[in-house]
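[1] any chance you could fold what I've pasted below:
(4 chains)
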Protein chains: 2
Amino acid sequence: MALRHAVLAALLDGEYTGYQLAKIFDVGVSNFWYAAPQQIYTELAKLEKAGMISGRQVIQLDRPNKRVFTVAEAGLDELAAFAAAASKPLSIRDDLAVKVQAVDHLDPAPVLAQLDERAVEAAARLALFDRGMRRLRGDLDEGEFLHSSERIGPYLTYLAGCRLEREMRDWCLTTAALLRSRTASHTEESR
Amino acid sequence: MALRHAVLAALLDGEYTGYQLAKIFDVGVSNFWYAAPQQIYTELAKLEKAGMISGRQVIQLDRPNKRVFTVAEAGLDELAAFAAAASKPLSIRDDLAVKVQAVDHLDPAPVLAQLDERAVEAAARLALFDRGMRRLRGDLDEGEFLHSSERIGPYLTYLAGCRLEREMRDWCLTTAALLRSRTASHTEESR
DNA sequence: ACTATGTACTCAATTTCATGACTAGTCAAG
DNA sequence: CTTGACTAGTCATGAAATTGAGTACATAGT
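    Numbers count the residues shown, from 1 in each chain, chains lettered A, B, ... in the order given. Model prediction:
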């Protein structure tokens, strides 16, 4: 009972298809919720059955037809109840952090490669979020937008996403640099 | 097949009981992996059956007896294979971020309360991590420790945890302040 | 001409996770 | 002297998530 609310929150921004939602949730960190495409489709089906969203068929000529969804009243009620209830603690799971934790007992080479890769991905998402934020705020500068706009929720989560990705990128870079300098000085000593 | 590696990585630091591990994984963010106590126990049982860890009974007079576990060779091999394989992308899920995303359509009061609460929790974990890091590095300063110590993995993940918690705390505080200033100016206008 | 990529889904099987309830003894506070 | 909190677990159930495969059509590249 949690993905459901993330889907409802995403649908507040307008109509989306399952496919579009799947892409949004696959990027994951922007809205602080990751979900696989298959989860989205099953959740949409459940939500529609429960009357919390309503779907509408859109016929397309050049592409497969699609169904777009909007939040119904019952869905808003559900979201309100969710917001009022206590939050579960943030859940985070990261393979790479586990590998770094064990790195002293392991071959560091693959871990280093993955740290580099992760840093690049984090930087890419940062850029992506930046574009998303610009699109949301239009011509306004950030402070102005945040004070005057009616819809700032998604912008606020973007801000959180930026913080996270920045730190992720920097941590990966400094950690990789440190591990490299250690291996260098070890091989130095053993000569 | 992922909790298993987190458990193995944690056991590299020494012997732990399921109960102790459960507490470590309940704090969660320090090692970037959350797991419920019951998961730990089942995972330990599986790992022992697979010969990746070995348990040892410790008889206690004043408390219930306990079993402590250490990593076996097969466990190290498993960890090495895990580290060499590609990482799954970081998975993050946060109820509170979902609520903030939807906040424009909702009563902001409970969300504000939860942001405050989360900021306090993040600050508490920061302090906790700080103590943990001091314990690990002893008298050395951070740079010295990171270059000379044999075992820096847990320290590196602590550093990541600090980055995360700092940003979490600051985001919660600025977000809550912003939302409050908006409600204030709205009630102003509607007078 | 072939291959890959993108849109837009569905179905099924399995694995993992999360939840609540239970046992059982110790210790400290009210 | 009783209640609650801490240590140290086990068991069972159900919800949620992951994985893999499959369908179908279109466009764009090599």
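[2] CA atoms for contacts and neighbours, from now on please.
    Noted.
[3] show me chain A divided up by domain.
    According to automatic domain parsing, chain A comprises the domains A:3-84, A:95-189.
[4] put the alpha carbons of the helix or strand A:D77 falls within into PDB.
    Taking DSSP states H and E as the criterion, the element that holds A:D77 is helix A:73-84. Provided in PDB are the C-alpha atoms of helix A:73-84 (Å, rounded to 0.1, in the frame of the first residue of the first chain):
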ATOM      1  CA  GLU A  73     -12.300  12.000  -6.100                       C
ATOM      2  CA  ALA A  74     -11.800   8.800  -4.200                       C
ATOM      3  CA  GLY A  75      -8.100   8.900  -5.200                       C
ATOM      4  CA  LEU A  76      -7.700  12.400  -3.700                       C
ATOM      5  CA  ASP A  77      -9.400  11.200  -0.500                       C
ATOM      6  CA  GLU A  78      -7.000   8.300  -0.400                       C
ATOM      7  CA  LEU A  79      -4.000  10.600  -0.900                       C
ATOM      8  CA  ALA A  80      -5.300  12.900   1.900                       C
ATOM      9  CA  ALA A  81      -5.600  10.000   4.300                       C
ATOM     10  CA  PHE A  82      -2.100   8.800   3.300                       C
ATOM     11  CA  ALA A  83      -0.600  12.300   3.900                       C
ATOM     12  CA  ALA A  84      -2.200  12.500   7.300                       C
END
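[5] ok, and for it, which residues are buried?
    Neighbour counts using 16 or more other C-alpha atoms under 10 Å in any protein chain shown place A:G75, A:L76, A:L79, A:A80, A:F82, A:A83, A:A84 of helix A:73-84 among the buried residues.
[6] residue numbers of chain A in contact with DNA strand D?
    A:M1, A:A2, A:L3, A:Y34, A:A35, A:A36, A:P37, A:Q38, A:Q39, A:D62, A:R63, A:P64 (C-alpha under 7 Å from any atom of the strand).
[7] give me the subset of those residues lying in helices.
    A:L3, A:P37, A:Q38, A:Q39 (DSSP state H).
[8] is stretch A:67-74 in proximity to DNA strand C?
    Yes: looking at stretch A:67-74 against DNA strand C by C-alpha under 7 Å from any atom of the strand, the contacts come from A:R67, A:V68.
[9] for the lengthiest helix in chain A, buried residues please.
    If you go by DSSP H, chain A has its longest helix at helix A:153-189. Going by neighbour count (16+ other C-alpha under 10 Å), the buried part of helix A:153-189 is A:153-173, A:175-176, A:178-179, A:182.
[10] follow-up on the earlier one: and the helix holding A:D77, what does it pack onto?
    helix A:3-11, helix B:108-137 (3 or more C-alpha pairs under 8 Å, 6 or more residues apart in numbering or on different chains; DSSP states H and E).
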